[in-house]
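Student: 3D model of this:
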Amino acid sequence: MKAFEILTFMETLAPPELAEEGDNCGLQVGSKEDEITRVLLALDCTDAVLDKAKAGTLILTHHPLLFTPLSCLTRESLPARALLKGVTVAAYHTSLDRAPGGVNDCLAEALGLTDPHILPDSEGFGRLGALAPIPPERFGAFVSDTLGTSHPRMVCGSRPICTAAVASGAGGEFLSAAIHAGADAFVTGELKHHQALSAAHAGITVVEAGHFETERVVLPSLKQRLAAAFPALSVEIAPESSPFRA
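Tutor: Below you'll find the predicted structure:
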């Protein structure tokens with residue numbers, strides 16, 4: 001199977017027009033004509049992920065391997081290592097964040113939000129939905145247990161949580177959208193100090209659940225969709241862990 005067949009399918013799941021301007025989505029390393037026998041899914045093309053790949057592997061990641069211009073290209077660099085191994089690499093970043101069934105829809109589903117829809121004023125990234133009522137002091141543990149976050153940071157709000165907004169990864173900038181939408185809680189991957197202060201002032205519960213943990217939820221869905229589209233293709237999720245440790 002040629003790489004372009006899989007990349008074309010990926011663009012139906014994460015249309016290029018949904019990507020932010022300047023985002024490097026699509027083929028990163030290799031050729032669209034490469035012969036592919038195996039797909040390896042990951043958030044990042046790291047040394048550990050590349051070690052799991054061999055010639056004929058297409059590594060599909062969320063974060064681009066090539067994002068800023070290269071000042072040099074050594075044999076030890078990840079792009080060169082991939083080329084030398086005969087590995088193809090492609091990434092679907094903000095296009096997959098925004099896409100129906102993409103990262104944020106998977107995050108909303110993982111947290112059990114009902115009737116999730118696009119969070120107003122979130123540029124298409126955030127989602128808003130309903131929850132069975134839960135006290136704010138229990139919400140952090142619920143999110144942590146669901147996403148596997150070891151040490152979440154939390155701003156405990158002042159009201160029971162019946163609605164929640166989510167924005168995966170570095171989605172703290174959409175806190176104000178969650179507040180304006182009347183959400184009782186907001187779950188994101190990264191939150192800045194001044195945003196936490198704003199949350200405390202507004203009385204909204206916020207859980208900073210980790211960039212890695214709020215995005216990796218998309219990989220099982222991607223595996224299922226790729227396997228259904230290409231039954232003869234081996235599709236696997238690479239073992240990964242957050243780079244942060246307590």
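
Student: And the strands in this structure?
Tutor: For the chain, strands defined by DSSP state E occupy the ranges 26-29, 38-42, 57-61, 88-91, 114-118, 127-134, 153-155, 161-167, 185-188, 205-208, 234-237.

Student: distance of the residue most central in space within the chain from G171?
Tutor: Centroid check for the chain by Cα atoms, centre = their mean gives E215 as the closest residue, at 2.8 Å. Note on E215: its distance to G171, by Cβ to Cβ, to the nearest Å, is 10 Å. Any C-beta I mention is one placed from the backbone N, CA and C, and that applies to glycine too.

Student: can you check L197 too?
Tutor: In terms of Cβ to Cβ, L197 sits 17 Å off from G171.

Student: what does A200 give?
Tutor: Taken as Cβ to Cβ, the span from A200 to G171 is 18 Å.

Student: ditto for A48
Tutor: 26 Å.

Student: more neighbours, those two?
Tutor: G171 (30 against 13; other Cβ atoms under 10 Å).

Student: Can you give me the domain assignment for this structure?
Tutor: 3-95, 100-215 (automatic domain parsing).

Student: A238 is nearest to which of the ones you listed?
Tutor: domain 3-95 (4.1 Å; Cβ to Cβ).

Student: Quick one: distance of the closest one to the chain centre.
Tutor: 15 Å (Cα atoms, centre = their mean, to the nearest Å).

Student: neighbours of L84, just the number please.
Tutor: 10.

Student: Now do the contacts for it.
Tutor: Contacts were defined as Cβ atoms under 8 Å, 6 or more residues apart in numbering; by that measure L84 touches R75.

Student: same question, C72
Tutor: Taking Cβ under 8 Å, 6+ apart as the test, C72 contacts no residue whatsoever.

Student: roughly how far apart are it and K85?
Tutor: 20 Å.

Student: hey, where'd the helices end up in this structure?
Tutor: Using DSSP state H, the helices of the chain run over residues 3-13, 47-51, 78-85, 94-98, 103-110, 136-147, 175-180, 193-202, 211-215, 218-229.

Student: For those helices, give me TSV that also has distance to H63 and mean pLDDT.
Tutor: Output for the helices of the chain, formatted as TSV (distance: least, Cβ to Cβ, whole Å; pLDDT from 0 to 100):
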stretch	distance to H63	mean pLDDT
helix 3-13	15	98
helix 47-51	11	96
helix 78-85	12	94
helix 94-98	10	98
helix 103-110	11	98
helix 136-147	18	96
helix 175-180	22	98
helix 193-202	22	97
helix 211-215	8	97
helix 218-229	12	98
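
Student: For S122, which of these is the nearest?
Tutor: Of those, nearest to S122 by Cβ to Cβ is helix 175-180, at 4.6 Å.

Student: same for the closest one, what does it pack against?
Tutor: Judged by 3 or more Cβ pairs under 8 Å, 6 or more residues apart in numbering; DSSP states H and E, the packing partners of helix 175-180 are strand 161-167, strand 185-188, helix 193-202.

Student: roughly how far apart are S221 and E240?
Tutor: 16 Å.

Student: Dump the strands of the chain into TSV; add distance to V143 as well.
Tutor: Shown next, in TSV, are these (distance: least, Cβ to Cβ, whole Å):
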stretch	distance to V143
strand 26-29	32
strand 38-42	23
strand 57-61	24
strand 88-91	27
strand 114-118	15
strand 127-134	10
strand 153-155	8
strand 161-167	9
strand 185-188	6
strand 205-208	5
strand 234-237	22
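
Student: Just name the most buried of those.
Tutor: strand 185-188 (a mean of 31; mean count of other Cβ atoms under 10 Å).

Student: Kindly export it (C-alpha atoms) in CSV.
Tutor: Provided in CSV are the C-alpha atoms of strand 185-188 (Å, rounded to 0.1, in the frame of the first residue of the first chain):
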residue,chain,number,x,y,z
ALA,A,185,-16.0,23.2,34.9
PHE,A,186,-13.2,23.4,32.4
VAL,A,187,-10.6,20.7,31.6
THR,A,188,-7.5,21.4,29.7
